[in-house]
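In: Pasting the sequence and the predicted model now:
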Amino acid sequence: MKSLQDPVTALKGIGAKKAKQLATLGIETVEDLLTHYPSRYDDFAPTNLEEAKDKQKVTLHGTVVGEPVLSRFGYRKSRLSFRLQVGAQVVMVIFFNQPYFKDKLMVNGDVTVLGTWNQGRQQVMGTKLLVNQPGKETLGAIYAANKHVRQATLRQLIHQAFSQYQNVIATLLPTSLRQRYQLLDRVTMFRWLHFPENGDQAKAARRTAAYEEVFLFQLRLQSMRLARRRAAGPAIEYNNEELRAFIKTIPFELTGAQKRVVNEICRDLRAPFQMNRLLQGDVGSGKTVVAAIAIYATILTGHQAALMAPTEILAEQHAEKLAKLFENTPVNVALLTGSLTAKQHRLLSEQIASGKCNLIIGTHALIQGPIEFANLGLAIIDEQHRFGVDQRKALREKGDNPNVLAMTATPIPRTLSITAYGEMDVSIIDELPAGRQPIKTTWLKESQGEAALDFLRQQLAAGAQAYVVSPLIEESEKLDVQNATALYEHFAATFGPTYQVGLLHGRMSAEEKAAAMAAFSANQVQVLVATTVIEVGVDNPNASVMVIYDADRFGLAQLHQLRGRVGRGQRQSYCLLVADPKTPEGKQRMETMVETTDGFVVAQRDLELRGAGDLLGKKQSGMPDFKIADPVGDLKMMQYARQDALTLLESSHWDEQDDHLPLVAYLKRRNLQTHFD
C-alpha cells in the first residue's frame, strides 16, 4: 500500500545515486518532495507582441504550427526551431542546446514560451518552455535547487509524486479549523501550491500550508509544555518569612517589574511540577537579583541550585556578586570552571556531591565530566541562547526534574517568544532600576575620530572610565577594520601617562582576563580596549563611555549588549558608534541605535533586518527551519495557531475522534512528543 513515507526510490527513475542527490535538499520521502514548496512563481502572463520592443523579455501563449526541426552541429550542440501561432501572428521560436524539448512539442499543441524578442526577424530566442492546457492561465513554480538537482528534475518528480500518491494524501487540519479560517484540504493544497492556474490559487494554498506548518509546530511546543506541567518536580516549599527577611537585606528597593517576576517564579517553585520559565530583561534591569531570590528560596528547603554562564568572566562575576548578597546566610557558593586544576576539580566535585556546596556557579564545566549533585532543585541558565539545545538539556538532566530558569539580556520580540521559546512560560522585567539615565548614543563617521577622542578626554577628566571596542584582535588583510591590539597601542600613546589603558581579548588566559578586569574595576585602568569578550556580564558602575569602532560590523543585538556595559551607575553615560557603513542595512542599524535605547524595539528591528533564523541561530535556539511560514510576517497566524493547538490538546479524548485520526497518525509517525503517548 502506498504511503507518503515511501522513500523517493519508489518513484520511477530514482535510483540510489539520484536519491543521494535529492537528500542534499532534505528530500528523502515522497512527503518531503510534496512539501518542498515553491519559493516563488514565474507569472506567465502573455506579452502583447504589437507593443513588444526589440530584445525585450516576452511570454507567449500559442499553438505549435508544423513539425519542429532539430539540427545538430559542433560538439553536442543543437538548434531546435518551430513556428508558434500567437493570435493572428506566426513567429519563429528557437531553442539552443535543449533538444529534449522536441519530445514535448506536438503539432496543434498549446505551449507557453519565455524568451527574448527579436523584432527585426520576428522571432523569439527561447529560454523556457511549458506545455499547458488551452485557455488556462499558468504560473510556473520555482523551487530551491542546487548543483545536484535541477529545477526541471524537481518539477518532473513533484508532478510524478502528486499524480501517483494523491489518493493517499490525508488532510491533517481538523475540519473545524479549516472551516473557521477557510483553509483547503491537503490534496487541493498540494495541487494549487505546485500547479496553480492563477495567483489566487497559489495564495490560498500558501496560506493553508503556512497555517498547517505553524499549527503542527505549536502542537509540538504546547504538548511539551503540558508534559512538563505534568512532570513531577521538586516542590520548593520555602518559608515565606525567611525569604522576605532575605529580600529586606538587599541594599535597594526592587522595581515593580522585579517584584512581579519574583512572584511568578516563586509561584512556580512552590508547585509540584517542573518550572520551565524564561526570564527576559534588558541589560541592567536586575535579573541577577531576581535569580538570587529564587536561589535563596530553593536553598531554604535543603535543595541545591546551579547557575551556568557562557564565559568564565561572567561566571566569576556572578560568583563574586552572589557571594556578597549571600553573606551571613546558609548559602555556600562554589565556582566551577575549566581553569581549575584536576585536584581542585576533584575536591569541589566531592563537596557538590555531598551537598556541602549548595550554590554551584560555573561554565560548561557544570555539565562536563562526572559532576553529581546531591539534591538539585533549581537550574539557572544565564544568556541561555549562547548554549546549544543539548547543553541546556544536559544541565536539566543533572537532577530529578529540577526547576529551570533560563535568563537572557537579549530582548526577544513577541514573534520569537511564541516560536523558539513557545514551550516556556515567560517573565519580563520591563523596567530599569530607579536613578538609571538613558544612555545617549551618537553615530560618528571615521573622519570624526578626533571629536570622539576629545569627548573621551573630557569625560576622563571628570572621573569617568571608558570601554573601547574593536571587532578583531589582530590585523586582517581581508577586512579593513580597526583591531584591539592596534587600538590599544594608539590609545596608550594618546592618553598615557595621564590615564592608564588596559587590553582585554578572548585569547588571553583566564588569569590575564581576571587581572585586566580587576584593574579596571578598581579604577587602576581608566580606558579598557577590548573585543566583544566584554559583551556579556561585565559590570563596572563607574564606566560611563562606550566607544565602538567599525560599529557597522556588529549586529543590532550585539551593539545593544555592548552599549549595556555602561549606564549601570548614577552617572550620565554615552555610547559613540564610529562607522562608515557601506550598505543600507548598516546605516539602518546605526540609526536604530541612535533612535532608541529600548531593547525590545532594537530586537524587533534586528528581527526585521536579519530574519529569525539568523537572529537566534537555529542550532543554538531550537528555532525551526520553516519551509513556507514566516515567523515575522505570519505573527498573527502563529498566535492563532498557538491557541488552537493548546485548545485541542486540552480537550478530552480529542485524539480518539475520527476527524483527528490523520493528525494523530502524523504526530506519532514523526515521533513528535505528545501528551497522549
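Out: Good, I have the coordinates. Note that the coordinates shown come from a computational prediction; the quantities given were computed from them, not determined experimentally. Numbering: from 1, shown residues only.
In: Dig out what Val58 forms beta bridges with.
Out: When assigned by DSSP bridges, Val58 has beta-bridge partners Gly115.
In: For it, which residues are in contact?
Out: If you count contacts by Cβ atoms under 8 Å, 6 or more residues apart in numbering, Val58 has them with Thr47, Leu49, Ala52, Leu114, Gly115, Thr116, Trp117, Val124. Quick note: C-beta positions are derived from backbone N, CA and C, even for glycine.
In: Could you count how many residues lie near the second one?
Out: This means Leu49. 17 (other Cβ atoms under 10 Å).
In: right, and the helix or strand after the helix or strand of the chain with the lowest mean pLDDT?
Out: Scoring the helices and strands of the chain by mean pLDDT, DSSP states H and E places helix 618-621 at the bottom, with a mean of 38. Next helix or strand after helix 618-621 toward the C-terminus (DSSP states H and E): helix 635-650.
In: isn't Phe73 right up against Asn97?
Out: No: counting by Cβ atoms under 8 Å, Phe73 does not reach Asn97; the two are 10.4 Å apart.
In: gap between stretch 36-51 and the chain center?
Out: Chain-centre distance of stretch 36-51: 33 Å, with Cα atoms, centre = their mean, to the nearest Å.
In: measure it end to end?
Out: Stretch 36-51 stretches 38 Å from its first residue to its last (Cα to Cα, to the nearest Å).
In: For Phe73 and Asn97, indicate the residue with more neighbours.
Out: Using other Cβ under 10 Å as the criterion, Phe73 and Asn97 rank with Asn97 on top: 11 against 8.
In: Tell me who's in contact with the more buried one.
Out: Arg76, Lys77, Ser78.
In: Name the member of those residues with the most neighbours.
Out: In terms of neighbours by other Cβ under 10 Å, the contacts of Asn97 top out with Ser78 at 17 neighbours.
In: Tell me what it is bridged to.
Out: Beta-bridge pairing for Ser78 (DSSP bridges): Arg72.
In: how would you label Gly399: helix, strand or coil?
Out: coil (DSSP: H, G, I helix; E, B strand; the rest coil).
In: wait, doesn't it sit right on Asn375?
Out: Yes: contact between Gly399 and Asn375 holds when scored by Cβ under 8 Å: they sit 7.4 Å apart.
In: shaky segments in the stretch 401-550 of the chain?
Out: 410-423, 472-482, 535-538 (pLDDT under 70).
In: the strands in it, which residues?
Out: All strands of the stretch 401-550 of the chain, identified by DSSP state E, counting those that start in this stretch, fall at 403-408, 425-429, 440-444, 465-469, 501-504, 527-530, 543-549.
In: and those strands as TSV, adding distance to Gln317 and mean neighbour count?
Out: Compiled in TSV, those are given as follows (distance: least, Cβ to Cβ, whole Å; neighbours: other Cβ atoms under 10 Å):
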stretch	distance to Gln317	mean neighbour count
strand 403-408	14	24
strand 425-429	19	19
strand 440-444	25	18
strand 465-469	15	25
strand 501-504	13	22
strand 527-530	15	28
strand 543-549	14	25
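In: can you put these in TSV and add distance to Leu139?
Out: Shown next, in TSV, are the strands of the stretch 401-550 of the chain (distance: least, Cβ to Cβ, whole Å):
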stretch	distance to Leu139
strand 403-408	43
strand 425-429	41
strand 440-444	45
strand 465-469	50
strand 501-504	57
strand 527-530	54
strand 543-549	47
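In: Okay, buried residues for stretch 586-598 please.
Out: Gly586, Arg589, Met590, Thr592, Met593, Thr597 (16 or more other Cβ atoms under 10 Å).
In: Out of the residues you listed, flag the one nearest to Tyr238.
Out: Of all these, Thr597 has the smallest distance to Tyr238: 36.1 Å, by Cβ to Cβ.
In: Just give the nearest non-adjacent residue to that closest one, would you?
Out: Nearest non-adjacent residue to Thr597, counting by Cβ to Cβ, 6 or more residues apart in numbering: Pro438, 4.9 Å away.
In: The one you found: how many residues sit nearby?
Out: Using other Cβ under 10 Å, the number of residues around Pro438 comes to 12.
In: and if you look at Thr127?
Out: Close neighbours of Thr127, defined as other Cβ under 10 Å, add up to 13.
In: Distance from the helix or strand it falls within to the middle of the chain?
Out: Per DSSP H and E: Thr127 is located in strand 123-131. Centroid separation between strand 123-131 and its chain, computed with Cα atoms, centre = their mean, is 41 Å.
In: which residues are contacting the next helix or strand after that strand?
Out: Using DSSP H and E, the helix or strand that directly follows strand 123-131 along the chain is strand 139-142. Contacts with strand 139-142, where a contact means Cβ under 8 Å, 6+ apart, come from 38-44, 128, 130, 151, 155, 193-199, 202.
In: For stretch 99-112, list the C-alpha coordinates in CSV.
Out: C-alpha atoms of stretch 99-112 as CSV (Å, rounded to 0.1, in the frame of the first residue of the first chain):
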residue,chain,number,x,y,z
PRO,A,99,17.0,19.0,-27.8
TYR,A,100,14.8,17.2,-25.3
PHE,A,101,12.1,19.9,-25.8
LYS,A,102,11.3,18.3,-29.2
ASP,A,103,9.5,15.4,-27.4
LYS,A,104,7.3,17.9,-25.6
LEU,A,105,6.1,19.6,-28.7
MET,A,106,3.1,18.4,-30.6
VAL,A,107,1.5,19.9,-33.7
ASN,A,108,-1.5,21.9,-32.7
GLY,A,109,-0.4,21.6,-29.1
ASP,A,110,-0.6,24.6,-26.7
VAL,A,111,2.6,25.8,-25.1
THR,A,112,4.0,28.8,-23.3
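In: about what we covered before: show me which of the contacts of Asn97 is closest to Lys324.
Out: Checking those against Lys324 by Cβ to Cβ gives Arg76 as the nearest, at 78.4 Å.
In: Just want the phi and psi numbers for that closest one.
Out: Note on Arg76: backbone dihedrals following degrees, to the nearest 10 are phi 60, psi 40.
In: any idea how far the residue lying closest to it once chain neighbours are set aside is from Ser71?
Out: Excluding the flanking residues, the one nearest Arg76 by Cβ to Cβ, 6+ apart is Asn97, at 7.8 Å. Distance, Asn97 to Ser71, by Cβ to Cβ, to the nearest Å: 12 Å.
In: where do the contact lists of those two overlap?
Out: Both Asn97 and Ser71 are in contact with Ser78, where contact means Cβ under 8 Å, 6+ apart.
In: now the buried residues of stretch 586-598 in CSV, with secondary structure and distance to Ala141?
Out: Shown next, in CSV, are the buried residues of stretch 586-598 (DSSP: H, G, I helix; E, B strand; the rest coil; distance: Cβ to Cβ, whole Å):
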residue, secondary structure, distance to Ala141
Gly586, helix, 35
Arg589, helix, 35
Met590, helix, 39
Thr592, helix, 37
Met593, helix, 41
Thr597, coil, 45
